[in-house]
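*Asks:* sequence and predicted model, in that order:
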Amino acid sequence: MAINRDINYINKDFSDFRSQLINFSQTYFPNTYTDFSPSSPGVMFMEQAAYVGDVLSFYLDNQIQENFLQYARQDNNLYELAYMFGYRPKVTGLATVDISFYQLLPAKQVAGTYLPDYDYALYINENTDISTPTGISFVIEDPIDFTVSNSLDPTTVSIAQLSGNEPEYYLLKKKRKASSGTINSTTFSFGSYQEFPTVEINASNIAEIIDIVDSEGNKWYEVDYLGQELVFDGIKNTNTNDPNNYENQDTPYILKTKQVQRRFATRFLSQNQLQLQFGAGKPGDNDEEILPNPDNVGLGLPFQKNKLTTAYSPTNFIFTNTYGIAPSNTTLTVRYLTGGGVSSNIAANTLTNLNTNNINFLKSNLNATTSNYIFSSLSSNNEEAASGGEDGDTIEELRQNTISNFNSQMRNVTADDYLVRALSMPGKYGVISKAFTQKPKAESSDTTLDIYVLSYDVNKKLNIASSTLKNNLKSYLNQYRMIGDSLSIKDSFIINIGCEFEIITLPNFNNNEVLLECISTLQDYFDVSKWQINQPIILRELYTLLDRINGVQTIKDIQITNKAGVNSGYSQYAYDIQGATQDRVIYPSLDPSIFEVKFPNEDIKGKVVTL
């Protein structure tokens with residue numbers, strides 16, 4: 001006959017287990033064993049059982065704790081949890097800095113005028129490294145072509161040397177943004193086919209994978225996850241590639257999306273271990289190209305009844321099961337960047353050692369003496385200190401960054417998400433200088449969101465974005481939009497203005513110095529980089545700014561005037577400043593627009609008056 005025993009399930013440590021075992025024996029076996037002294041054999045077995053229970057309880061608690069992001073302590077578990085929540089841990093932070101590159105060009109005479117001879121222009125390839133005398137290396141991502149000059153990649157030309165009264169050499173200057181780091185290379189050999197092969201790179205401070213090329217010369221593309229088959233691909237904006245838009249100089253490259261089979265995903269296993277994983281398809285398999293239309297999206301594919309519960313992603317309409325192909329019977333050459341950290345925040349004027357192995361002339365059959373002299377003239381320097389270098393995520397930073405990243409999931413949900421994403425488009429595809437989002441005003445509109453944009457010209461003046469730039473932006477945003485969103489990219493209006501003011505100065509102050517200080521303050525206030533679309537002009541702020549200047553007794557008057565007329569270099573749009581002023585605030589138009597002082601040296605005027 002079974003006897004019910006009263007068992008306590010809340011004991012978790014050694015002392016609780018020992019006490020409960022002794023109490024259990026005394027309760028249910030009072031006549032079987034009575035010696036509970038510390039040295040008795042029975043207590044020895046009870047303590048051994050308590051010891052095993054304590055160890056098992058510890059590991060059970062530890063396993064449960066390591067499943068929660070807030071409480072996990074082991075690095076490998078925290079990394080796995082971070083990826084599960086969609087956050088990529090940072091093991092290092094790269095410092096960035098603008099580097100100036102200089103080269104001489106000989107002068108040549110064309111139709112009686114001396115011009116730079118661009119036959120001797122140099123080409124600096126991408127990923128060229130520049131280092132400090134102490135050995136800290138920086139790498140430029142984009143190549144440098146000294147023959148090209150446009151609004152996004154201007155070339156500064158000045159006379160470097162005269163021969164008599166005529167120029168003998170010109171000096172060219174270009175700037176590039178560089179990131180701290182050293183390029184490393186390793187190879188991995190793959191034999192017969194297997195699904196989802198993985199390899200690991202063991203190195204400290206791994207920043208990113210630069211590229212992967214196999215033995216046959218095929219390029220492999222990094223994706224966020226293996227199910228992502230569309231990647232960004234840029235082609236140079238030339239007449240051959242795009243005869244209709246190649247003259248738009250605000251877009252050096254045309255942004256396209258490309259379907260790729262050869263792809264890989266990366267994930268950090270620890271601070272010094274990066275895993276690369278490839279797909280499961282066989283090299284002979286080809287993913288079918290399917291354009292999204294009602295036949296294969298909204299109404300369901302032929303082999304499935306419906307798509308009511310499918311989570312769609314704009315990056316994958318095909319839902320293949322291969323997740324890309326797996327490398328087999330080949331060797332992959334992997335180049336990756338290491339470096340960064342706090343030590344990479346170097347001082348100004350230290351990046352002077354330029355590696356010339358990736359530098360060459362664009363043309364051949366040049367004069368040997370001249371070309372050697374021009375090549376030796378190439379130099380580099382960082383005019384400002386590098387910043388941004390930091391160490392990788394600490395344990396607590398990893399927790400907090402993962403939690404904060406979880407809500408976004410790399411998807412544009414709100415209007416602000418689209419705004420930030422538009423402003424973060426890679427510069428090689430064009431730069432959106434100003435952006436503004438709002439819902440369409442017309443109820444019958446086919447779009448769910450209007451995005452108003454502007455760009456800069458070569459002089460950093462606001463300009464209407466070209467059609468190529470807007471097409472690039474549309475292609476870029478399409479990869480992050482929600483499936484039900486439809487976007488319309490439009491031009492914002494530019495309202496050019498001038499500012500005239502009158503001040504009364506204090507006694508014993510130089511009127512000209514006070515006036516110049518006032519003009520300089522207003523020029524800084526109206527700096528176009530500080531203004532956004534639909535930002536009003538608050539006249540009280542202007543009065544307050546000028547009133548704070550040392551030597552100003554009072555502000556007698558401030559007038560904002562409209563400047564319009566294409567022939568004068570201004571916007572074509574006139575604006576009623578007086579009608580738009582309410583309570584000393586000048587509001588922009590109902591259609592998204594921005595105020596701009598286009599020529600601050602001429603359009604901001606002031607004078608000193610008397611009481």
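*Replies:* Alright, I've got the coordinates. From a predicted model like this one, the values you see are computed outputs, not experimental measurements. Residues are numbered from 1 along each chain as shown.
*Asks:* for Ile403, what are its contacts?
*Replies:* Leu69, Phe85 (CB atoms under 8 Å, 6 or more residues apart in numbering). For glycine as for every other residue, the C-beta is placed from the backbone atoms N, C-alpha and C.
*Asks:* average pLDDT for the strand or helix carrying it?
*Replies:* Using DSSP states H and E, Ile403 falls within helix 395-406. Mean pLDDT, helix 395-406: 81.
*Asks:* restricting to C-alpha, output that helix in CSV.
*Replies:* The C-alpha coordinates for helix 395-406 follow below in CSV (Å, rounded to 0.1, in the frame of the first residue of the first chain):
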residue,chain,number,x,y,z
ILE,A,395,28.4,43.8,-20.8
GLU,A,396,26.0,46.5,-19.6
GLU,A,397,26.2,48.4,-22.9
LEU,A,398,25.5,45.2,-24.8
ARG,A,399,22.3,44.7,-22.7
GLN,A,400,21.1,48.3,-23.1
ASN,A,401,21.9,48.6,-26.8
THR,A,402,20.1,45.3,-27.6
ILE,A,403,17.0,46.4,-25.7
SER,A,404,16.9,49.9,-27.4
ASN,A,405,17.5,48.3,-30.9
PHE,A,406,14.7,45.8,-30.6
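*Asks:* OK, contacts around Ser189?
*Replies:* Thr330, Thr331.
*Asks:* specify the beta-bridge partners of it.
*Replies:* Assessed by DSSP bridges, Ser189 has beta-bridge partners Thr331.
*Asks:* if I look at Ser57, how far off is Gln70?
*Replies:* Distance, Ser57 to Gln70, by CB to CB, to the nearest Å: 21 Å.
*Asks:* of those two, which one has the most company?
*Replies:* Each of Ser57 and Gln70 has its neighbours counted (other CB atoms under 10 Å); Ser57 has more, 16 against 9.
*Asks:* which residues sit in contact with that one?
*Replies:* Counting by CB under 8 Å, 6+ apart, Ser57 has contacts Lys12, Asp13.
*Asks:* that one falls within a helix, correct?
*Replies:* Yes: when DSSP: H, G, I helix; E, B strand; the rest coil is applied, Ser57 is found to be in a helix.
*Asks:* shouldn't Val528 be in contact with Glu596?
*Replies:* Yes: if you go by CB atoms under 8 Å, Val528 and Glu596 touch, sitting 5.5 Å apart.
*Asks:* higher neighbour count, the two?
*Replies:* Between Val528 and Glu596, counting by other CB under 10 Å, Glu596 is the more crowded of the two (22 against 19).
*Asks:* any chance of the backbone angles for the closest residue in space to Tyr71 that isn't next to it in sequence?
*Replies:* Leaving aside its chain neighbours, Tyr71 sits nearest to Gln65 (4.7 Å; criterion: CB to CB, 6 or more residues apart in numbering). Main-chain torsions, Gln65, degrees, to the nearest 10: phi -60, psi -40.
*Asks:* again, but for the one 5 residues further on
*Replies:* Reported as degrees, to the nearest 10, the phi and psi values for Gln70 are phi -70, psi -20.
*Asks:* for Pro133, see how far away it is.
*Replies:* For Gln70, the distance to Pro133 - CB to CB - is 46 Å.
*Asks:* and Phe45, what element?
*Replies:* Since the elements are taken from DSSP H and E, Phe45 ends up inside helix 41-65.
*Asks:* from the middle of its chain, how far away would that helix be?
*Replies:* Chain-centre distance of helix 41-65: 51 Å, with CA atoms, centre = their mean, to the nearest Å.
*Asks:* stretch 329-340 now?
*Replies:* 22 Å.
*Asks:* what does stretch 398-416 give?
*Replies:* Distance, centroid of stretch 398-416 to centroid of chain: 15 Å (CA atoms, centre = their mean).
*Asks:* over to stretch 72-81?
*Replies:* With CA atoms, centre = their mean, you get 26 Å for stretch 72-81.
*Asks:* in it, what's buried?
*Replies:* Using 16 or more other CB atoms under 10 Å as the test for burial, stretch 72-81 gives Ala72, Asn77, Leu78, Tyr79, Leu81.
*Asks:* got the residues you listed as a markdown table, with pLDDT, secondary structure and distance to Met482 columns?
*Replies:* Compiled in a markdown table, these are given as follows (pLDDT from 0 to 100; DSSP: H, G, I helix; E, B strand; the rest coil; distance: CB to CB, whole Å):
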| residue | pLDDT | secondary structure | distance to Met482 |
| --- | --- | --- | --- |
| Ala72 | 86 | coil | 32 |
| Asn77 | 87 | helix | 32 |
| Leu78 | 88 | helix | 30 |
| Tyr79 | 88 | helix | 29 |
| Leu81 | 88 | helix | 26 |
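*Asks:* tell me the one of those residues nearest Pro167?
*Replies:* Tyr79 (59.2 Å; CB to CB).
*Asks:* pull the contacting residues for that closest one.
*Replies:* With CB under 8 Å, 6+ apart, Tyr79 has these contacts: Pro89, Arg267, Phe268, Leu269, Ser270, Leu398.
*Asks:* buried residues in the helix or strand containing Thr437, which are they?
*Replies:* Element membership of Thr437, judged by DSSP H and E, is strand 434-438. Within strand 434-438, the residues that count as buried by 16+ other CB under 10 Å are Lys434, Ala435, Phe436, Thr437.
*Asks:* the closest residue to the second one other than its chain neighbours: neighbouring residues, count only.
*Replies:* Meaning Ala435. In this structure, Ala435 finds its nearest non-sequential neighbour in Ala422, 4.6 Å apart by CB to CB, 6+ apart. Counted with other CB under 10 Å, the neighbours of Ala422 add up to 21.
*Asks:* need the contact partners of the helix or strand hosting Ala422.
*Replies:* Assigned by DSSP H and E, Ala422 belongs to helix 415-423. Contacts with helix 415-423, where a contact means CB under 8 Å, 6+ apart, come from 408, 411-412, 432, 435-439, 449, 451, 453, 473, 476-477, 480-481, 487.
*Asks:* show the buried residues in these.
*Replies:* Judged by 16+ other CB under 10 Å, buried ones among those: 412, 432, 435-437, 449, 451, 453, 473, 476-477, 480-481, 487.
*Asks:* now the residues you listed as CSV including distance to Phe361?
*Replies:* Listed next are the buried ones among the contacts of helix 415-423 as CSV, based on distance: CB to CB, whole Å:
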residue, distance to Phe361
Asn412, 45
Ile432, 35
Ala435, 40
Phe436, 45
Thr437, 46
Leu449, 48
Ile451, 43
Val453, 38
Leu473, 35
Tyr476, 34
Leu477, 40
Tyr480, 41
Arg481, 44
Leu487, 44
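*Asks:* that's all I had, so thanks and see you.
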